[in-house]
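Peer 1: After the sequence you'll find the predicted model.
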Amino acid sequence: MRIYIAGDHAGFRLKEKIKLWLEKMGHKVDDLGPFEYKKGDDYPDYTFPLAETVAFGEKRVGIVIAGSGIGECIVANKVRGVRAVLYHGGSLAIVKTSRLHNDANVLCLGARFVGEREARRAIKLWLKTRFSNAKRHKRRLRKIGKYERKI
């Protein structure tokens with residue numbers, strides 16, 4: 001599977017570890033930055049390109065790892081066609097549900113709240129979970145798409 005990954009200074013170290021882990025699992029990982037630790041860099045500079053890449057491709061997914069994941073989730077969801085979800089610890093059910101019900105295509109992780117082990121568990125579950133294709137969920141996604149096209 002092709003996975004796009006990005007982050008910011010606060011998530012840089014975890015992003016680098018997750019990138020290597022995903023590659024060892026056999027995934028093709030495209031890193032959209034940052035490529036080195038730069039204190040004070042701005043997450044929109046990396047999240048917007050990731051979201052646009054995911055939105056304009058077939059069956060693409062992205063993972064953003066930053067400080068809280070909150071701002072990154074907001075940014076990603078500004079891009080038409082992106083359905084980003086935030087995971088910053090707790091129940092992994094939210095990760096699974098985001099794929100089953102919402103066909104989420106971007107996973108945002110808060111490195112200040114999630115360690116490497118938990119991040120791996122969340123990502124593994126998120127990647128293996130497929131959209132349910134249930135009529136009610138497809139209907140809801142069509143409504144979201146219709147609204148996105150309107151604006």
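Peer 2: That came in fine, so what should we check first? As the structure is a computational prediction, the values presented were derived from the model and not from experiment.
Peer 1: hey, which helix is longest across this structure?
Peer 2: helix 135-150 (DSSP state H).
Peer 1: is it fair to say Tyr4 lies in a helix?
Peer 2: No. Using DSSP: H, G, I helix; E, B strand; the rest coil, the assignment for Tyr4 is strand, not a helix.
Peer 1: Pull the contacting residues for it.
Peer 2: Val29, Asp30, Leu32, Leu50, Thr53, Val54, Arg60, Val61, Gly62, Ile63 (Cβ atoms under 8 Å, 6 or more residues apart in numbering). All C-beta spots, glycine's among them, are computed from the backbone N, C-alpha and C.
Peer 1: what's the answer for Phe48, then?
Peer 2: Counted by Cβ under 8 Å, 6+ apart, Phe48 has contacts Val75, Lys78, Val79.
Peer 1: Show me which of these are buried.
Peer 2: Val75, Val79 (16 or more other Cβ atoms under 10 Å).
Peer 1: Just the closest of the contacts of Phe48 to Leu100, please.
Peer 2: Val79 (22.1 Å; Cβ to Cβ).
Peer 1: what about that closest one, which helix or strand?
Peer 2: According to DSSP states H and E, Val79 maps onto no helix or strand at all.
Peer 1: Just list the residues touching it, thanks.
Peer 2: So Val79 contacts Phe48, Ala51, Glu52, Val54, Ala55 (Cβ under 8 Å, 6+ apart).
Peer 1: Could you check how far the second one is from Val95?
Peer 2: It refers to Ala51. Distance of Ala51 to Val95, computed by Cβ to Cβ, to the nearest Å: 18 Å.
Peer 1: more neighbours, the two?
Peer 2: Each of Ala51 and Val95 has its neighbours counted (other Cβ atoms under 10 Å); Ala51 has more, 28 against 24.
Peer 1: Quick check: which element contains that one?
Peer 2: Applying DSSP H and E, one finds Ala51 within helix 44-55.
Peer 1: quick one on the thing from earlier: for the contacts of Val79, give me JSON lines that also has pLDDT and distance to Asp8.
Peer 2: Shown next, in JSON lines, are those (pLDDT from 0 to 100; distance: Cβ to Cβ, whole Å):
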{"residue": "Phe48", "pLDDT": "98", "distance to Asp8": "12"}
{"residue": "Ala51", "pLDDT": "97", "distance to Asp8": "14"}
{"residue": "Glu52", "pLDDT": "96", "distance to Asp8": "17"}
{"residue": "Val54", "pLDDT": "97", "distance to Asp8": "17"}
{"residue": "Ala55", "pLDDT": "94", "distance to Asp8": "20"}
